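Novice: The following block contains a protein sequence and its predicted model.
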Amino acid sequence: ACLRKTPLTGADLQQATANGADLSHCDLRGANLHRLVARQALMMRTDLAGANLRGADLLGAVLQKAKLQGTDLTGANLSRTDVSLAQVDGGTSVDEALMLDTRVDPRYQPPKAATAARAAKAEPQEGAP
């Protein structure tokens, strides 16, 4: 789904599914996105200031240059998410968030050997119960 530049200020989208959606440049200030599932979603330059993203699953999402001031990401899955150049402040909460291979610096690339080893470890082994 392509929702680029859609004004959704204060929207209640808790437990919504938006896997692979393009939410770039959207205005989601103060939105309730509790337990949102938006794996591999594009959220570049999206304004999420003051939004509730507690427990959201943003695995592999791209939040480059997103506005995250005052955003609650407590317990969110930010693994392999790109939050490089995102705007945060003291009110941005990432307590208990899962941040495996999260990209916070545009120059950072996860080491391929370490990433491959973790992926192999996560896959079930042949003959394993």
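Specialist: In hand now; what should we look at?

Novice: Need the distance between the two termini of stretch 62-79.
Specialist: Length of stretch 62-79, first residue to last, C-alpha to C-alpha, to the nearest Å: 11 Å.

Novice: again with stretch 8-15
Specialist: Distance between the boundary residues of stretch 8-15 (C-alpha to C-alpha) amounts to 16 Å.

Novice: for A56, what are its contacts?
Specialist: By C-beta atoms under 8 Å, 6 or more residues apart in numbering, the residues touching A56 are 33-38, 73, 76-77. Placement of C-beta: from N, CA and C, glycine included.

Novice: what's the answer for L28, then?
Specialist: Each residue near L28 by C-beta under 8 Å, 6+ apart is listed here: 8-9, 11, 46-48, 51.

Novice: what sits against the spatially most central residue of the chain?
Specialist: The chain has L58 as the residue nearest its centroid, 3.5 Å off, counting by C-alpha atoms, centre = their mean. Counting by C-beta under 8 Å, 6+ apart, L58 touches 36, 38-39, 41, 43, 76-78, 81.

Novice: Low-confidence stretches in this protein?
Specialist: 107-129 (pLDDT under 70).

Novice: Looks like R103 contacts L85 (just checking).
Specialist: No - counting by C-beta atoms under 8 Å, R103 sits too far from L85 to count as a contact (10.2 Å).

Novice: Of those two, which one has the most company?
Specialist: Per other C-beta atoms under 10 Å, whichever of R103 and L85 has more neighbours is R103, with 19 against 14.

Novice: The more buried one - nearest residue in space that isn't next to it in sequence?
Specialist: The shortest distance from R103 to any non-neighbouring residue, by C-beta to C-beta, 6 or more residues apart in numbering, is to D82 (4.4 Å).
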